[in-house]
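S.K.: I'd like to go over a predicted model; first the sequence, then the structure.
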There are 2 protein chains.
Amino acid sequence: MAETEKGKRTREAILSFATNLASVEGLEGLTIGRLATELEMSKSGLFRHFGSKEELQLAVVDTARQVFVDEVVTPARQSPSGLARLWALCDAWLNYVEREVFPGGCFFMAAAAEFDNRPGPVRDDIARNMQEWLGYLEHAARRAQEKGEITPEADPAQIAFELHAFYLGANWAEQLLGDKQATARARKAILHRLHELATEMAPPLPPVSAQIIQDS
Amino acid sequence: MAETEKGKRTREAILSFATNLASVEGLEGLTIGRLATELEMSKSGLFRHFGSKEELQLAVVDTARQVFVDEVVTPARQSPSGLARLWALCDAWLNYVEREVFPGGCFFMAAAAEFDNRPGPVRDDIARNMQEWLGYLEHAARRAQEKGEITPEADPAQIAFELHAFYLGANWAEQLLGDKQATARARKAILHRLHELATEMAPPLPPVSAQIIQDS
């Protein structure tokens, strides 16, 4: 029993390390051999936890997913459903980039770009996670619409696409260009859009002007 | 002289092949050995054209840049400067994704995600190209503002960020999720934003509603 518990904790520690490494260097470079060296473990010890590179990659995607749920979805669920929660999701999500939860920027953005042209179970798993997240944003937008908080003409799927795009833009500009204003720009764009969609029944949102952007 | 011309054409053919391959599989997998196998050339023959893997990668980035200029920037420059050109740039850019100019989706998006955490000359070159493109969009937005075609309150850098984000969102959803509505969604988002920014002095833009999005 104690042995099983210890095995579980070792597995979690390996996965936490591997997920951070993958966010910087990519999932494809994550081999059992590489991990064995970095963690000073034997390859056979690692093989007891993960039978193959692919199994390791899938476990890493699952770990990243759990981090995302804990850091973004769970805190946002404190806000009432509807527009307040839609904004809370976007805010928590940008926060997660700002706090550098993963050292290499958003794990899923990196994994998506790396695997979009590599068919197989890992790609499918990443796509499923991303589709689920887009669906969650769309659901939150639809809920806001049902509560009369955003205009009935809006298309929830289009809103989810746009909010997600601003986030991609922020992660991209921060990672590639080191642009420290990137998340502020995304917040500004998202708030502008949500204010535009809001009806008079909407809960209060932070003002767009509170997002300070310094001239470069 | 004929020999030099032949050498130049061989170099161009190699680079064209290598750029397409890199858009699918990434720049990092692009080795002289791999290219020699694919092109049925000798490694020493390839080394005469490119002294190192890094030199090859830099030449590929240059090739992709030239394709982007030919396919996106040059056609858009047919439109008068100001809002018409800003829209023409966005339209040509989405067209370039739709026509699958590179088999693996936008070359620069893939290269940016792959290299953002790999310091060195290749990363710097990709970042410089992307910064230049964002600057070009910003310049087009500022020009539209100077001509009184978009509202004076708007921030051209913020506009460039938002338009670019919609494009990222489209390329991402198309590549990862196979979403065939992705570029229509981006067009709709971009046109909505440009209509919102336009003054009464603005040239006509296509209506947002012309961008048909089918329910999934």
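M.R.: Received the coordinates, thanks.
S.K.: can you pull the contacts of A:Y167?
M.R.: A:C90, A:W93, A:L94, A:V97, A:A186 (Cβ atoms under 8 Å, 6 or more residues apart in numbering or on different chains). Backbone N, C-alpha and C define where each C-beta goes, glycine included.
S.K.: the third one reaches A:A182, doesn't it?
M.R.: Spelled out, that is A:L94. No. Under the criterion of Cβ atoms under 8 Å, A:L94 makes no contact with A:A182, lying 9.3 Å away.
S.K.: of these two, who's got more company?
M.R.: Set side by side, A:L94 and A:A182 show more neighbours around A:A182, with 25 against 21, by other Cβ atoms under 10 Å in any protein chain shown.
S.K.: from the contacts of A:Y167, which are also near chain B?
M.R.: A:A186 (Cβ under 8 Å from any Cβ of the partner chain).
S.K.: joint contacts of A:L94 and A:A182?
M.R.: With Cβ under 8 Å, 6+ apart, A:L94 and A:A182 have common neighbours A:A170.
S.K.: any idea which helix or strand comes after the top helix by length along chain A?
M.R.: Ordering each helix of chain A by length in residues (DSSP state H) puts helix A:121-146 first. Beyond helix A:121-146 on the C-terminal side, the first helix or strand identified by DSSP states H and E is helix A:156-177.
S.K.: how about that next one: buried residues?
M.R.: Buried residues in helix A:156-177, counting neighbours by 16 or more other Cβ atoms under 10 Å in any protein chain shown, are found at A:156-177.
S.K.: also stretch A:25-35?
M.R.: A:E25, A:G26, A:L27, A:E28, A:L30, A:I32, A:L35.
S.K.: for the fifth one, give me its contacts.
M.R.: To tie it back to what came earlier, the one meant is A:L30. Contacts of A:L30 (Cβ under 8 Å, 6+ apart): A:A18, A:L21, A:A22, A:K53, A:L56, A:Q57, A:V60.
S.K.: what about A:E146, how many neighbours?
M.R.: 13.
S.K.: distance of the closest residue to A:K43 other than its chain neighbours relative to B:V101?
M.R.: In this structure, A:K43 finds its nearest non-sequential neighbour in A:A36, 4.6 Å apart by Cβ to Cβ, 6 or more residues apart in numbering or on different chains. Distance of A:A36 to B:V101, given as Cβ to Cβ, to the nearest Å: 42 Å.
S.K.: which residues does the residue positioned nearest the centre of chain A contact?
M.R.: Nearest residue to the geometric centre of chain A (Cα atoms, centre = their mean): A:F68, 5.2 Å. Taking Cβ under 8 Å, 6+ apart, we find A:F68 in contact with A:Y96, A:F107, A:F108, A:W133.
S.K.: highest neighbour count among these?
M.R.: Busiest of those [other Cβ under 10 Å] is A:F107, holding 27 neighbours.
S.K.: for that one, what are its contacts?
M.R.: A:F107 touches A:T19, A:A22, A:S23, A:A64, A:V67, A:F68, counting by Cβ under 8 Å, 6+ apart.
S.K.: what pLDDT does it get?
M.R.: Listed pLDDT for A:F107 reads 86.
S.K.: check A:Q211 too.
M.R.: Each residue has a pLDDT score; the one for A:Q211 is 67.
S.K.: low-scoring stretches of chain A, by residue?
M.R.: A:1-3, A:210-216 (pLDDT under 70).
S.K.: how about the helices in it?
M.R.: Counting by DSSP H, chain A has helices at residues A:2-25, A:32-39, A:43-49, A:53-68, A:74-76, A:83-98, A:107-115, A:121-146, A:156-177, A:182-197.
S.K.: near chain B, anything from the first one?
M.R.: Yes. In terms of Cβ under 8 Å from any Cβ, part of helix A:2-25 sits within range of chain B, namely A:V24, A:E25.
S.K.: in that helix, what's buried?
M.R.: A:T10, A:R11, A:I14, A:L15, A:A18, A:T19, A:N20, A:L21, A:A22, A:S23, A:V24, A:E25.
S.K.: do the last one as well
M.R.: Of the residues in helix A:182-197, those with enough neighbours to count as buried (16+ other Cβ under 10 Å) are A:182-194, A:197.
S.K.: now distance to A:R142 too, for the residues you listed, in TSV please.
M.R.: Converted to TSV, these look like this (distance: Cβ to Cβ, whole Å):
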residue	distance to A:R142
A:A182	28
A:T183	26
A:A184	28
A:R185	26
A:A186	22
A:R187	23
A:K188	24
A:A189	21
A:I190	17
A:L191	20
A:H192	21
A:R193	16
A:L194	14
A:L197	12
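S.K.: ok, so of the residues you listed, who is nearest B:G148?
M.R.: Using Cβ to Cβ, A:H192 comes nearest to B:G148 of those, at 21.7 Å.
S.K.: does the closest one touch A:V208 like I think?
M.R.: Yes. Using Cβ under 8 Å, A:H192 makes contact with A:V208 at a distance of 5.0 Å.
S.K.: how near is the spatially closest residue to A:H49 that is not a sequence neighbour to A:G45?
M.R.: Leaving aside its chain neighbours, A:H49 sits nearest to A:R11 (5.0 Å; criterion: Cβ to Cβ, 6+ apart). In this view, A:R11 and A:G45 are 11 Å apart by Cβ to Cβ.
S.K.: okay, now A:L46: neighbour count?
M.R.: For A:L46, the neighbour count with other Cβ under 10 Å is 21.
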